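Visitor: I'll drop the sequence and a predicted model, then ask my questions.
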Amino acid sequence: MGKKCLKCGYVRNTGDPGPQTECPRCGVIYARAEARLGRQTEPSPLEATAEKPSPCSAPDIVRELALLIKSHYGLIWFRTAEEERAESLLSHLADSMGLKLFTWTLTQGIKRTDLDGPVYMTTEPKAALDHVISSDFPAIYLFNGLGSFLNDPAISARLSDAARKYSSMESSIILTGPELHIPEDLKPYAAEISAPAAKREEYSELLNNIIRDLKAKTEIRVEITQDELNRLLNNLKGLTLLEAEKVLTRAIIEDGGLNAKDIQRVIDAKRAVVERDGLLEYFPAEHGMSEIADMASLKDWLNKRRMIITEPERATSFGLTFPKGILLLGVPGSGKSLCAKAVSMEWGLPLLKMDPSNLYNKYIGESERNFKRAMETAERMAPVILWIDEIEKAFASGGSEDGGVSQRVLGTFLSWMQDRKGDVFVVATANDVEKLPPEFLRKGRFDEVFFVDLPNAESRAAIFSIHLRKRGKDSVKFNIQALAKASEGFSGAEIEQVVVSGLYGAFSANCDLTNDMLLSEINRTRPLSITRAEQIESLREWASERTISAQ
């Protein structure tokens, strides 16, 4: 009977060569780990409250890889940044297919995973590929870090020879990495597959292992409720297991335990991971629908779909799928962006913002790649809200002025909207409908298109109350109805600026804010409904028969 490594899951037979107390794959000392387990007579608070792990998605990816190998793909690009996880999955694959697994790195060369010591003189990529070509028995070769050498014609040619040979038998060369450029002559022999995102059960198991390992070295306090644990695990979604391990270990070591404060540490670390490429911005949920005046129709629409988030299994059995998203058209400053943030809060999902200006690059093809990377990040974090502010700026037709880049990015976006794999709810906002590509308005692109108009008197009164209350002022002391009447034609953003400007005036005069100060600020303001009256009226006419009113 073999021993199973607690870290990577590798099962080692007792007859295998090498030290029997050490895992040959990751170096964990079996005896020490087993001794720790033997001393633990009762479950830790974490293990007592956490959900029991269920089988992970490994069998699915192993099955897909086996199918590709049996289909005679001599080269497979395994898209992942987690080399250890890839090797563990490929170990399962090799066992299931009765094949030997070899790994290659630039520092060690080729090494058979069930034997000690690398193959002599195989650290150089060309020498390693020569060895693969000369091998006559079926096997799986995992090359970690070979992607950076594919621009070398000699390396590319040798890899092509190896892939061609292995396409005639049930064997394959597997390359790992999040981004690879496969040369054209290799593409007929190559297939691409992505590693599955880590599941909640895997994060739970990882957290238990970290707690157990740290407790063996020092005293660790576990002070977390079931609800807090659920929030912690939910916020780990989208991180690789390696990223999650680093974040959790640091959070626990910093204060000597696991508690509710670690949830914010995970959120902060996740923000850093999301924003690493500079394509997406992570927003914590801060404002709910109570912060938005009126918009009853939009609120009702969102509330009916909230159950898909809270009860996904019941929704699926009922025949419902995750919603695609909404397009909010309207007057600038009318609260469209605030709606995106409020959806995140109400549905309890992370909010990612895509800034269109970050997508475009002067190099050919780079803009499309930027967009694909941004969408892949969003899908990793799923379920998630993706907010695209002023979407007409991202996909407006540039014609010959931009070499067709905007049209290509638009095509990529529309394809993604149709074929996306993750549960990503898009909230897109637009101010200028004339610049909006007509493809967006075709039925089925978004679940619904809402028009957000200027607030009416009742909504303006509510907006004044909200902004006064947010700044510590008692709205009862003000004549809210008079302020609402005087501010006819004002947007929500313009009303907020009236309150802010009034506070500055009161602060400089060293007195309390008064109703007259606010009325004076209203009289000094020229709202967009006056300065852009024609454009707003034209937008209203266009939206009257093509959209649903958010109010």
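Guide: Received it, and whenever you're ready, just let me know what you need.

Visitor: where does pLDDT dip in the stretch 351-500 of the chain?
Guide: Along the stretch 351-500 of the chain, the model assigns pLDDT under 70 to residues 357, 360-365, 396-404, 443.

Visitor: and the strands in it, which stretches?
Guide: For the stretch 351-500 of the chain, the strands defined by DSSP state E, counting those that start in this stretch occupy 351-354, 384-388, 424-430, 448-452.

Visitor: so which of those is nearest Leu207?
Guide: Leu207 lies closest, by Cβ to Cβ, to one member of those: strand 384-388, at 21.4 Å. Every residue, glycine included, has its C-beta placed from N, CA and C.

Visitor: which strands and helices sit next to the closest one?
Guide: Strand 384-388 sits against helix 336-347, strand 351-354, strand 424-430, with contacts defined as 3 or more Cβ pairs under 8 Å, 6 or more residues apart in numbering; DSSP states H and E.

Visitor: just name the most buried of those.
Guide: Comparing the helices and strands packed on strand 384-388 by mean neighbour count (mean count of other Cβ atoms under 10 Å), strand 424-430 comes out on top with a mean of 25.

Visitor: list the helices and strands that one packs on?
Guide: Using 3+ Cβ pairs under 8 Å, 6+ apart, strand 424-430 is in contact with strand 325-330, helix 336-347, helix 366-380, strand 384-388, helix 391-395.

Visitor: okay, angle between the fourth one and helix 366-380 too, please.
Guide: Here strand 384-388 points in a direction 150 degrees away from that of helix 366-380 (axes from the mean of the first three to the mean of the last three Cα atoms, to 10 degrees).

Visitor: what residues sit buried inside strand 384-388?
Guide: 384-388 (16 or more other Cβ atoms under 10 Å).

Visitor: follow-up on the earlier one: mind checking which of the helices and strands packed on strand 424-430 is nearest Thr310?
Guide: The nearest among the helices and strands packed on strand 424-430, by Cβ to Cβ, is helix 336-347 at 8.3 Å.

Visitor: how far is that closest one from where the chain is centred?
Guide: The chain centre lies 17 Å from the centre of helix 336-347; the measure is Cα atoms, centre = their mean, to the nearest Å.

Visitor: what angle do it and strand 384-388 make?
Guide: 180 degrees.

Visitor: only C-alpha atoms, please: export helix 336-347 in CSV.
Guide: The C-alpha trace of helix 336-347 is given here as CSV (Å, rounded to 0.1, in the frame of the first residue of the first chain):
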residue,chain,number,x,y,z
LYS,A,336,-25.9,55.1,-13.9
SER,A,337,-22.5,54.4,-12.4
LEU,A,338,-24.0,54.4,-8.9
CYS,A,339,-26.4,51.7,-10.1
ALA,A,340,-23.5,49.4,-11.1
LYS,A,341,-22.0,49.7,-7.6
ALA,A,342,-25.4,49.1,-6.0
VAL,A,343,-26.0,45.9,-8.0
SER,A,344,-22.7,44.6,-6.6
MET,A,345,-23.9,45.4,-3.0
GLU,A,346,-27.4,44.0,-3.4
TRP,A,347,-26.3,40.8,-5.1
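
Visitor: packing partners for it?
Guide: Counting by 3+ Cβ pairs under 8 Å, 6+ apart, helix 336-347 packs on helix 296-310, strand 325-330, strand 351-354, strand 384-388, strand 424-430.

Visitor: how about those in JSON lines, adding distance to Tyr189?
Guide: What follows is these, written out as JSON lines (distance: least, Cβ to Cβ, whole Å):
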{"stretch": "helix 296-310", "distance to Tyr189": "42"}
{"stretch": "strand 325-330", "distance to Tyr189": "39"}
{"stretch": "strand 351-354", "distance to Tyr189": "36"}
{"stretch": "strand 384-388", "distance to Tyr189": "36"}
{"stretch": "strand 424-430", "distance to Tyr189": "33"}
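
Visitor: any chance of the helices and strands packed on strand 384-388 in CSV, plus distance to Ile224?
Guide: Output for those, formatted as CSV (distance: least, Cβ to Cβ, whole Å):
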stretch, distance to Ile224
helix 336-347, 23
strand 351-354, 25
strand 424-430, 29
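
Visitor: understood, closing this out.
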